[in-house]
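prediction below, plus the sequence it came from.
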Protein chains: 2
Amino acid sequence: MLQLTKRTEYGLIALTHLAARAEGGVVSVREICEAYPVPKRLVAEVLKDLCHARLVDSHRGATGGYSLARAAETIRVGEVVAALEGHPSLTSCASLGLAAGSTCGVEHVCPIRSPIETLRHELWRLLNRTTLRDLAQHPAPLAARTAAL
Amino acid sequence: MLQLTKRTEYGLIALTHLAARAEGGVVSVREICEAYPVPKRLVAEVLKDLCHARLVDSHRGATGGYSLARAAETIRVGEVVAALEGHPSLTSCASLGLAAGSTCGVEHVCPIRSPIETLRHELWRLLNRTTLRDLAQHPAPLAARTAAL
DNA sequence: CCAAAATCGCACTGATTCAGTGCTGTTTAG
DNA sequence: CTAAACAGCACTGAATCAGTGCGATTTTGG
């Protein structure tokens, strides 16, 4: 549907909140969902997944919480998306090809494959040009960096 | 889910097939789904929607079919996506804002809004840089045009 | 005029995915 | 030892999507 899931959205919000903390700052899920209108349990579930993906570190116990595993400027939006909903594939053209063997055995190979692959790749690059630091400082920074377009 | 729907995928395949025809060439749904492993009825449904969106012209009757409404190089992938699944919104951050009034009444405005809006815009530009003609000639052309990235 | 081919329009069903929650266990500070 | 917080698993309801059914209308060609 060409849209990020709520999980990814919550993940980005939570990570941005973590990025606002000083280095290694630990933030509990409770604090995050007191700051934004987001469901606590879901955010917790998402942060758990981000922990598995090594994007955040977890700290258990009464004063526990989560902290960024790396510096905010080294965590890319693309990584977050990949961790929470897998690599974007844009289309299942590939599966069309697989349906009839290695090549679409009908008349042509799927005519869309190669250019859509390129689109997918460009989308990926776009997501990976934006880091958590960019998200953390509101005024959209990406536009300046891609002014050539 | 950051993925195009099957409808959009079929639409792009069908449009690419139409683009391979000489100008104004009329192609029936039957011909399209004999050329690719795609379900006839679904492709017909999609082409009907594309007709409503004025991207193709329909021709009824025994020798009827569809033809491109404009030149292939003027039909952008973004238009096709918009016609078949609406404009991509990436996130529903906006709805988060609306949930508590015009501004997220909790503590901050959604911290993600502005940068994600920029991402959305860039994605849109990406889709609109690619035309049907680009899809029709296999060797991916977009890469050459955005080599600067 | 008639039969075949094709689009048109609406609506339906099953499958998949997602959002959100329940429950229980484990860890740690005070 | 109690409370707060994370860990893990699995479940339910809702939304969206893929694909199809059915009948009507239009047009070509005999």
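All right, it came through fine. Source: prediction; values computed, not measured. Numbers count the residues shown, from 1 in each chain, chains lettered A, B, ... in the order given.

and A:I112, how far is that from B:T131?
13 Å (CB to CB, to the nearest Å). Using the backbone N, CA and C atoms, a C-beta is placed for each residue, glycine as well.

now for the one helix or strand A:R125 maps to, which elements pack on it?
Using DSSP states H and E, A:R125 maps to helix A:113-129. With contacts taken as 3 or more CB pairs under 8 Å, 6 or more residues apart in numbering or on different chains; DSSP states H and E, helix A:113-129 sits against helix A:77-85, helix A:93-99, helix B:113-129, helix B:132-136, helix B:142-145.

what comes up buried for the longest one?
So the one you mean is helix B:113-129. Along helix B:113-129, these residues count as buried under the neighbour rule (16 or more other CB atoms under 10 Å in any protein chain shown): B:113-120, B:122-124, B:126-127, B:129.

and for stretch A:12-26?
Taking 16+ other CB under 10 Å as the neighbour-count basis, stretch A:12-26 is seen to contain the buried residues A:12-21.

show me which residues of chain A sit near DNA strand C.
Residues of chain A lying close to DNA strand C (CB under 7 Å from any atom of the strand) are A:5-7, A:10, A:39-42, A:45, A:60-64, A:85.

on that earlier part again, could you dump the helices and strands packed on helix A:113-129 to JSON lines with distance to B:V56 and mean pLDDT?
What follows is those, written out as JSON lines (distance: least, CB to CB, whole Å; pLDDT from 0 to 100):
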{"stretch": "helix A:77-85", "distance to B:V56": "32", "mean pLDDT": "96"}
{"stretch": "helix A:93-99", "distance to B:V56": "21", "mean pLDDT": "45"}
{"stretch": "helix B:113-129", "distance to B:V56": "18", "mean pLDDT": "87"}
{"stretch": "helix B:132-136", "distance to B:V56": "11", "mean pLDDT": "91"}
{"stretch": "helix B:142-145", "distance to B:V56": "23", "mean pLDDT": "49"}
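
neighbours of A:E45, just the number please.
The number of residues packed near A:E45 is 15, by other CB atoms under 10 Å in any protein chain shown.

what sits against it?
A:E45 makes contact with A:R7 under the criterion CB atoms under 8 Å, 6 or more residues apart in numbering or on different chains.

tell me which helix or strand comes right after the helix or strand hosting A:I32.
Secondary structure assigned from DSSP H and E places A:I32 in helix A:29-35. Remark: after helix A:29-35, the chain's next helix or strand is helix A:40-52, criterion DSSP H and E.

any idea how far that following helix is from the chain center?
The chain centroid and the centroid of helix A:40-52 are separated by 13 Å under CA atoms, centre = their mean, to the nearest Å.

can you dump the C-alpha coordinates of the helix or strand that that helix is followed by into PDB?
Downstream of helix A:40-52, the next assigned helix or strand under DSSP H and E is strand A:56-59. Output of strand A:56-59 as PDB, limited to C-alpha atoms (Å, rounded to 0.1, in the frame of the first residue of the first chain):
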ATOM      1  CA  VAL A  56      18.600   0.100  20.800                       C
ATOM      2  CA  ASP A  57      19.900  -1.400  24.000                       C
ATOM      3  CA  SER A  58      17.500  -2.600  26.700                       C
ATOM      4  CA  HIS A  59      18.000  -2.100  30.400                       C
END
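
whether strand A:56-59 contacts DNA strand D - can you check?
Yes. Where contact is defined by CB under 7 Å from any atom of the strand, part of strand A:56-59 touches DNA strand D, namely A:58-59.

low-confidence stretches in chain A?
Counting by pLDDT under 70, chain A has low-confidence residues at A:88, A:92-109, A:138-149.

so A:T91 makes contact with A:I116?
Yes. A:T91 is within contact range of A:I116, at 5.3 Å (criterion: CB atoms under 8 Å).

does DNA strand D have contacts with the helix or strand where A:L12 lies?
Counting by DSSP H and E, the element that carries A:L12 is helix A:6-20. No. Against DNA strand D, helix A:6-20 shows no contacts by CB under 7 Å from any atom of the strand, the least distance being 10.0 Å.
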